[in-house]
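[1] need a structure here:
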Amino acid sequence: MSEQTYSLNGKIVAITGGAGGIGMATSRALSRAGAKVSIGDLNHAAAEEAADSLGHGNLGGRVDVTDAESFEAWIERTEAEMGPIDVLINNAGVMILGAFEEESDDVAALTIAVNLTGVINGSKIAIRRMKPRGRGRIVNIASQAGKAGFPGGATYCATKFAVVGLSDAIRNELHGTGVGVTTVMPGPVETELGAGLGKARGVELLKPEEVADSIVRAIAKGESEVFLPRITPLITKPISLLPAKGRDFVLRAMNADKVLTDVDGKRRAEYEKNAGTPGV
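    Predicted coordinates for the structure are as follows:
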């Protein structure tokens, strides 16, 4: 995709978890850029309502990203009603926090199923459709937790590390095919998923709209990686060269080791009791 000429006007974009948070903000940003958006969400009614709010020509439908057949059916419906998808954004995710040794097997399984298996399912489905056409882009929403392990979110971090690695691998597998892969790695965002998190020193919560605008820009420019805030690599890359003890020291010095542990329990409980269910 050309940085100078690629336009989203008239393009078909499918986004999972699109009825709220980053997904809804991105759907709006895409619509403003002229794209037609298929919003997939576990909550079917919310997806339809979100699509209607964007205006005529957009689509809302139910998708369970952990179920490959459900994912395939949603994409098939999207292409039947809207045309071949140009972009798939794997955005759906859950974040349930707590000490690793106290995490239930069900929570671990849900986190892996939504955050990793969902991205694998979507990426495979998109590749099978885009590669023969010689065009398309897959956008995987990871996290800064895919580059550093934060106490209190071990399994969440593991899934986001996996999404970063998966994206790197398939981006190189697809080199020369016309299909691109973008990995988006935001810090904490002011959404339901990010409700009640602690704060690292000097780090402000991102607005969903900031992330959305960066996703749209990354698609238009064909960017492979997006860090948010954009200054993040200037801080994290030098830190990554340190030995483990040095990295851990910086993590604690910035209070980043408390972001997923010193949380507002009431706000987190409200989000986590419904995480991964159709009501969210």
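
[2] residue 259: what's it in contact with?
    150, 152, 188, 197-200 (Cβ atoms under 8 Å, 6 or more residues apart in numbering). Backbone N, C-alpha and C define where each C-beta goes, glycine included.

[3] give the burial count for the closest residue in space to residue 205 that isn't next to it in sequence, as a bare number.
    Leaving aside its sequence neighbours, residue 205 sits nearest to residue 190 (Cβ to Cβ, 6 or more residues apart in numbering; 4.6 Å). Applying other Cβ atoms under 10 Å, we find 18 other residues in the vicinity of residue 190.

[4] separation between residue 190 and residue 15?
    Counting by Cβ to Cβ, to the nearest Å, the gap from residue 190 to residue 15 is 19 Å.

[5] so where do the strands sit in the protein?
    12-16, 36-41, 59-62, 87-90, 136-141, 179-186, 225-228 (DSSP state E).

[6] same question for the third one, mean pLDDT?
    Per-region confidence: strand 59-62 scores 98 on mean pLDDT.

[7] quick one, helices of the protein?
    Assigned by DSSP state H, the helices in the chain fall at 21-32, 44-54, 68-82, 105-112, 118-133, 154-173, 208-221, 232-240, 244-253, 265-272.

[8] with mean pLDDT, mean neighbour count and distance to residue 7 as added columns, please give those helices in JSON lines.
    Below are the helices of the chain laid out as JSON lines (pLDDT from 0 to 100; neighbours: other Cβ atoms under 10 Å; distance: least, Cβ to Cβ, whole Å):
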{"stretch": "helix 21-32", "mean pLDDT": "97", "mean neighbour count": "23", "distance to residue 7": "12"}
{"stretch": "helix 44-54", "mean pLDDT": "97", "mean neighbour count": "19", "distance to residue 7": "18"}
{"stretch": "helix 68-82", "mean pLDDT": "98", "mean neighbour count": "17", "distance to residue 7": "17"}
{"stretch": "helix 105-112", "mean pLDDT": "96", "mean neighbour count": "16", "distance to residue 7": "36"}
{"stretch": "helix 118-133", "mean pLDDT": "98", "mean neighbour count": "19", "distance to residue 7": "17"}
{"stretch": "helix 154-173", "mean pLDDT": "98", "mean neighbour count": "19", "distance to residue 7": "22"}
{"stretch": "helix 208-221", "mean pLDDT": "96", "mean neighbour count": "20", "distance to residue 7": "7"}
{"stretch": "helix 232-240", "mean pLDDT": "76", "mean neighbour count": "13", "distance to residue 7": "27"}
{"stretch": "helix 244-253", "mean pLDDT": "85", "mean neighbour count": "13", "distance to residue 7": "41"}
{"stretch": "helix 265-272", "mean pLDDT": "80", "mean neighbour count": "15", "distance to residue 7": "36"}
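
[9] for residue 139, which of these is the nearest?
    helix 208-221 (6.3 Å; Cβ to Cβ).

[10] distance check, whatever residue is furthest in space from the centre of the chain against residue 45.
    Distance to the chain centre peaks in the chain at residue 245, reaching 29.7 Å (criterion: Cα atoms, centre = their mean). To residue 45, residue 245 is 50 Å away according to Cβ to Cβ.

[11] list the residues that contact residue 200.
    Contacts of residue 200 (Cβ under 8 Å, 6+ apart): 254-256, 258-259.

[12] next: residue 216.
    8, 26, 29-30, 33.

[13] try 6 Å this time
    29, 33 (Cβ atoms under 6 Å, 6 or more residues apart in numbering).

[14] what's the answer for residue 75, then?
    Contacts of residue 75 (Cβ under 6 Å, 6+ apart): residue 125.
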